[in-house]
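S.K.: when you get a sec, could you give me coordinates for this:
(one chain, ligands or ions: 1)
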Amino acid sequence: MTDSSQNIECWLTDMDGVLVHENAPVPGAGDLLNQWRDQGKRYLVLTNNSIYTPRDLSARLSSSGLEVPEENIWTSALATAVFIADQQERATVYCIGEAGLTTALHEAGVILTDQNPDFVVLGETRTYSFEAITRAIRLIAGGARFISTNPDATGPSLDGVLPATGAIAALITKATGRVPYVVGKPNPMMFRSAMNRIQAHSETTAMIGDRMDTDIVAGIEAGLKTFLVLTGITQREDIRRYPFRPNHVLDSVADLLER
Ligand SMILES: [Mg+2]
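M.R.: Got it, this is the predicted structure:
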């Protein structure tokens, strides 16, 4: 355990590349989650993926051997729903997305409609339809505010990359001349709403991530202590290419275990 982790009361952690890798748990991740639970630490596991509900993700993590209660999961879909509910009471939304997003919007008190919505909200889906995209384009051209859950252009699959939310947003932007407001990482908004959820304060909260250009930069911008782990996309030699630094670089989350 690093000395620097001692006065941290709340933890935010990325999921892929930090706790799991292609559905396999990262060694030490399960022990760290149990340590936080036993110590009564407040924590959230964050993901930019807006497809799944926290319940779905909790079940998926459980099948990978990691026990994360659904209330400890924070997705870009939840952050987007909270953002919209804060922006406007009884907001109306035309939504392209899966259960993770539609459930989050419903629970935030948003009304889903395809008639004159206040917002068009774009999230991750595996079933984009030309018809739905055409409708979104017409509604945005007609004045609906354009929001997207996350900027990622591609996502992983066993067969190769998949077009993701950012790629479909680019299509809509090309057709409308409007760029979306993007709620997920690297927008520190996602961390701020996560901290609100667990009543965390930036001075005593840390972010653990595997990406310099999302987790670490957004953690810095949100005023958090940042821990980069090398179990994901970033290699140690990549760090110097960025104009910012994490507070700490760890081989893996196992380095945060108290022995
Ligand atoms: Mg990651």
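
S.K.: which one is the closest residue to the ion within the chain nearest to, not counting chain neighbours?
M.R.: In the chain, the residue that lies nearest the ion is Gly17 (3.6 Å; C-beta to the ion). Any C-beta I mention is one placed from the backbone N, CA and C, and that applies to glycine too. With C-beta to C-beta, 6 or more residues apart in numbering as the criterion, Gly17 has its nearest non-adjacent residue at 2.2 Å, and that residue is Gly232.

S.K.: one more: Ala77?
M.R.: Ser50 is the one closest to Ala77 (C-beta to C-beta, 6+ apart), at 3.8 Å.

S.K.: now that neighbour: phi and psi?
M.R.: Main-chain dihedrals, Ser50, degrees, to the nearest 10: phi -100, psi 10.

S.K.: report the contact partners of it.
M.R.: Ser50 sits next to 75-77, 80, 97-98, 100-101, 123-124, 149-150, 165, 184 when contact means C-beta atoms under 8 Å, 6 or more residues apart in numbering.

S.K.: what about 6 Å?
M.R.: Each residue near Ser50 by C-beta atoms under 6 Å, 6 or more residues apart in numbering is listed here: 75-77, 100-101, 123-124, 149.

S.K.: narrow these to those in helices?
M.R.: 76-77, 100-101 (DSSP state H).

S.K.: who wins for most neighbours among those?
M.R.: Ala77 (34 neighbours; other C-beta atoms under 10 Å).

S.K.: follow-up on the earlier one: wait, doesn't the residue of the chain closest to the ion sit right on Gly209?
M.R.: No. Counting by C-beta atoms under 6 Å, Gly17 does not reach Gly209; the two are 7.9 Å apart.

S.K.: which one of those two has more residues nearby?
M.R.: Each of Gly17 and Gly209 has its neighbours counted (other C-beta under 10 Å); Gly209 has more, 29 against 19.

S.K.: look up phi and psi at that one.
M.R.: Dihedral angles phi and psi of Gly209 (degrees, to the nearest 10) take the values phi -150, psi 170.

S.K.: run through the stretch 1-150 of the chain and note the low-pLDDT ranges.
M.R.: Across the stretch 1-150 of the chain, residues meeting the criterion (pLDDT under 70) sit at 1-4.
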